[in-house]
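>>> only geometry, no sequence info:
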């Protein structure tokens with residue numbers, strides 16, 4: 001089957017909004033932006049016009065029924081929008097239509113023909129491709145006939161379509177409908193609902209695409225920010241579990257800890273450092289960042305409890321100087337109180353900063369502080385979306401979490417331990433009236449890791465780990481370890497002395513044995529020599545006797561021959 005043609009889109013240039021709408025607003029069709037007062041309708045309409053002129057070379061017309069051109073220009077100048085400059089370049093036309101109820105007298109049939117003429121002139125003056133009308137209620141403020149109002153409103157939307165311009169119309173939200181008149185949302189091809197809500201004294205702006213004819217779109221609520229760069233909408237729904245993974249290892253900044261993790265962390269993985277207060281979570285997180293910056297990587301540190309200057313000062317006391325990384329623009333600090341914004345706005349802020357700076361490493365310290373802005377489930381949901389986003393971007397992220405005394409040590413306060421790739425547990429080890437630090441790896445997915453509890457030392461030169469030292473009562477740390485080491489050293493010295501004494505005794509026995517053996521060998525040699533001499537004498541004596549017998553025998557034979565026989 002042939003693919004169906006996609007609906008032509010007009011990109012807004014507003015960060016995140018084009019992603020949610022699948023490419024922008026419907027091209028050549030009207031879009032309604034509705035919401036209560038103060039939710040950002042006028043600013044969104046203005047940014048749509050300005051972004052079109054500056055980024056897509058689409059001239060635009062902004063028709064205001066409430067604010068004058070000089071007021072509009074002044075209001076958006078703080079966002080970096082130079083309306084006067086765009087007007088001078090013929091990229092923008094601003095029209096102000098003054099509508100006062102007290103100055104209107106109904107004397108006949110009401111229509112918008114005069115508005116069409118004025119708007120058509122403005123469009124032709126700059127060759128506009130985009131139009132914004134702000135706000136539609138002001139246009140009908142002096143009209144009491146609802147039937148005529150609806151007919152003219154429908155005619156206005158149809159006229160905008162015939163002009164072929166992409167129009168944005170703002171409208172106030174009604175009591176029982178999206179708008180005051182209850183008709184705009186039906187004749188618009190796209191409806192965007194803005195909301196500015198407050199919960200437990202924390203305010204959040206949110207956006208929802210109510211409808212979008214002929215196009216798929218995001219249907220959830222999305223928080224958005226209004227800052228010095230305008231509107232920033234961030235789609236924060238969870239991503240699919242299809243992100244790519246890396247086999248590259250990155251260091252935690254502590255060689256012994258890297259060894260415990262089988263060579264370090266996988267790039268793009270997530271790490272949770274949990275523990276009670278004072279166990280060294282922040283120091284370890286700062287060590288991780290310092291190592292990342294030494295590798296030339298960009299990193300962001302989000303702090304919810306300490307200011308940037310306080311963190312820099314505290315880290316210098318343990319031999320970590322992060323200021324050079326800050327000066328080289330490799331490290332950014334962002335300190336904010338958990339109660340400064342709602343959870344969604346915190347998440348949107350983190351997303352925006354990550355998107356703008358493009359870091360390879362991110363630290364949030366501590367995530368449990370966010371519980372002040374929501375319950376466990378809400379914080380867990382926020383962090384799940386944040387984890388999905390950073391995994392998709394290949395960012396190595398590290399979270400610290402505070403464990404309170406009422407919690408099990410092997411359970412995180414915010415309930416994200418099952419989502420984490422590597423979990424390091426910091427703990428206090430109380431022994432002999434002392435509290436010392438310990439660290440061990442609860443889990444590390446995809447890699448062999450140590451199961452030992454190591455003593456965690458924070459010194460003037462940074463972090464160091466000591467090998468596990470086991471005593472009769474378990475792992476020993478601090479003074480108990482020193483005492484046991486001294487005791488073991490004394491016992492080892494005694495054993496060495498005993499070994500030396502035994503060796504000397506063995507040496508004496510060996511010398512005595514060798515002396516006795518030497519004497520026996522000498523005696524044996526002397527006796528052997530004596531026996532050999534006696535044997536030689538016996539051999540000589542035997543030889544002399546034999547020689548005598550031979551001579552005697554020979555002499556007898558001669559005598560028998562020479563002497564005559566007498567009868």
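Thanks, I have the structure now. Not measured: the values here are computed from a predicted model.
>>> helices or strands up against whichever strand or helix holds residue 504?
In this assignment (DSSP states H and E), residue 504 forms part of helix 478-562. Packed against helix 478-562 by the contact rule (3 or more CB pairs under 8 Å, 6 or more residues apart in numbering; DSSP states H and E) you find strand 422-431, strand 434-444, strand 470-471. Just so you know, the C-beta spots here come from the backbone N, C-alpha and C atoms, and that holds for glycine as well.
>>> mind giving me a markdown table with these and columns for distance to residue 483 and mean pLDDT?
Output for the helices and strands packed on helix 478-562, formatted as a markdown table (distance: least, CB to CB, whole Å; pLDDT from 0 to 100):
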| stretch | distance to residue 483 | mean pLDDT |
| --- | --- | --- |
| strand 422-431 | 10 | 84 |
| strand 434-444 | 11 | 86 |
| strand 470-471 | 9 | 59 |
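>>> Would you format the ones you listed as JSON lines with distance to residue 518 and mean neighbour count included?
As requested, those are exported to JSON lines (distance: least, CB to CB, whole Å; neighbours: other CB atoms under 10 Å):
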{"stretch": "strand 422-431", "distance to residue 518": "60", "mean neighbour count": "20"}
{"stretch": "strand 434-444", "distance to residue 518": "61", "mean neighbour count": "19"}
{"stretch": "strand 470-471", "distance to residue 518": "51", "mean neighbour count": "14"}
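>>> quick one: secondary structure of the residue nearest to the spatial centre of the chain?
Here the mean C-alpha position of the chain is nearest to the C-alpha of residue 397 (CA atoms, centre = their mean), at a distance of 1.5 Å. Of the three states, residue 397 takes strand under DSSP: H, G, I helix; E, B strand; the rest coil.
>>> ok, it - contacts?
Listed by CB atoms under 8 Å, 6 or more residues apart in numbering, the contact set of residue 397 reads 270, 271, 361, 362, 363, 364, 386, 387, 390.
>>> and with 10 Å instead?
268-272, 300, 354, 359, 361-364, 383, 386-387, 389-391, 420-421 (CB atoms under 10 Å, 6 or more residues apart in numbering).
>>> Now intersect the residues you listed with the helices, please.
Judged by DSSP state H, helices contain the following of those: 354, 383, 386, 387, 389, 390, 391.
>>> Spatially, which two of these are the most separated?
In these, the most distant members under the criterion CB to CB are 354 and 383, with 13.9 Å between them.
>>> More neighbours: these two, which one.
Counted by other CB atoms under 10 Å, residue 354 and residue 383 do not tie: residue 383 has more neighbours, with 26 against 19.
>>> what's the neighbour count on residue 80?
11.
>>> Residue 155 too?
Other residues close to residue 155 by other CB under 10 Å number 15.
>>> which stretches of the stretch 101-250 of the chain aren't confidently modelled?
Within the stretch 101-250 of the chain, the segments meeting pLDDT under 70 span 101-111, 140-147, 174-185, 200-202, 235-242.
>>> Show me where it has its strands.
For the stretch 101-250 of the chain, the strands defined by DSSP state E, counting those that start in this stretch cover 130-134, 166-172, 190-199, 202-212, 222-227, 230-233, 249-250.
>>> so what does the fourth one touch, helix or strand wise?
Here strand 202-212 is seen to pack against helix 17-21, strand 30-35, helix 184-187, strand 190-199, strand 222-227, strand 230-233, helix 343-357 when contacts are counted using 3 or more CB pairs under 10 Å, 6 or more residues apart in numbering; DSSP states H and E.
>>> what do you get if the cut-off is 8 Å, keeping everything else the same?
Using 3+ CB pairs under 8 Å, 6+ apart: strand 202-212 touches helix 17-21, strand 190-199, strand 222-227, helix 343-357.
>>> Check which helix or strand residue 379 maps to.
Secondary structure from DSSP H and E places residue 379 in helix 376-392.
>>> just checking, what packs against that helix?
Packed against helix 376-392 by the contact rule (3+ CB pairs under 8 Å, 6+ apart) you find strand 270-275, helix 343-357, strand 396-402.
>>> Which one of those has the poorest average confidence?
The weakest mean pLDDT among those belongs to helix 343-357, with a mean of 83.
>>> which parts of that helix are buried?
If you call a residue buried by 16 or more other CB atoms under 10 Å, then helix 343-357 has these buried ones: 343, 344, 345, 346, 347, 348, 349, 350, 351, 352, 354.
>>> Run through the bridge partners of residue 232.
Beta-bridge partners recorded for residue 232 (DSSP bridges): residue 15, residue 225.
>>> Could you pull up the residues touching it?
Residue 232 makes contact with 14, 15, 16, 224, 225, 226, 348, 352, according to CB under 8 Å, 6+ apart.
>>> What I need now is the helices and strands packed on helix 478-562 written out in CSV, including distance to residue 307 for each item.
Shown next, in CSV, are the helices and strands packed on helix 478-562 (distance: least, CB to CB, whole Å):
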stretch, distance to residue 307
strand 422-431, 23
strand 434-444, 25
strand 470-471, 42
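>>> check contacts around residue 462.
Residue 462 sits in contact with 254, 287, 318, 319, 320, where contact means CB under 8 Å, 6+ apart.
>>> Recalculate using a threshold of 6 Å.
Residue 462 makes contact with 318, 319, according to CB atoms under 6 Å, 6 or more residues apart in numbering.
>>> Quick check: residue 501 vs residue 514, distance?
As judged by CB to CB, to the nearest Å, residue 501 and residue 514 stand 20 Å apart.
>>> try residue 212
104 Å.
>>> One more: residue 70?
116 Å.
>>> ditto for residue 8
Residue 8 sits at a distance of 107 Å from residue 514 (criterion: CB to CB).
>>> Of those two, which one has the most company?
A side-by-side neighbour count of residue 8 and residue 514, using other CB under 10 Å, places residue 8 first with 14 against 11.
>>> you'd agree that one is up against residue 28?
No. Between residue 8 and residue 28 there is no contact under CB atoms under 6 Å: 7.2 Å.
>>> returning to that earlier point: residue 46: which of the strands of the stretch 101-250 of the chain is closest?
Per CB to CB, nearest to residue 46 of the strands of the stretch 101-250 of the chain: strand 130-134, 6.8 Å.
>>> residues making contact with the closest one?
42, 45, 49, 52, 58, 60-64, 165-170.
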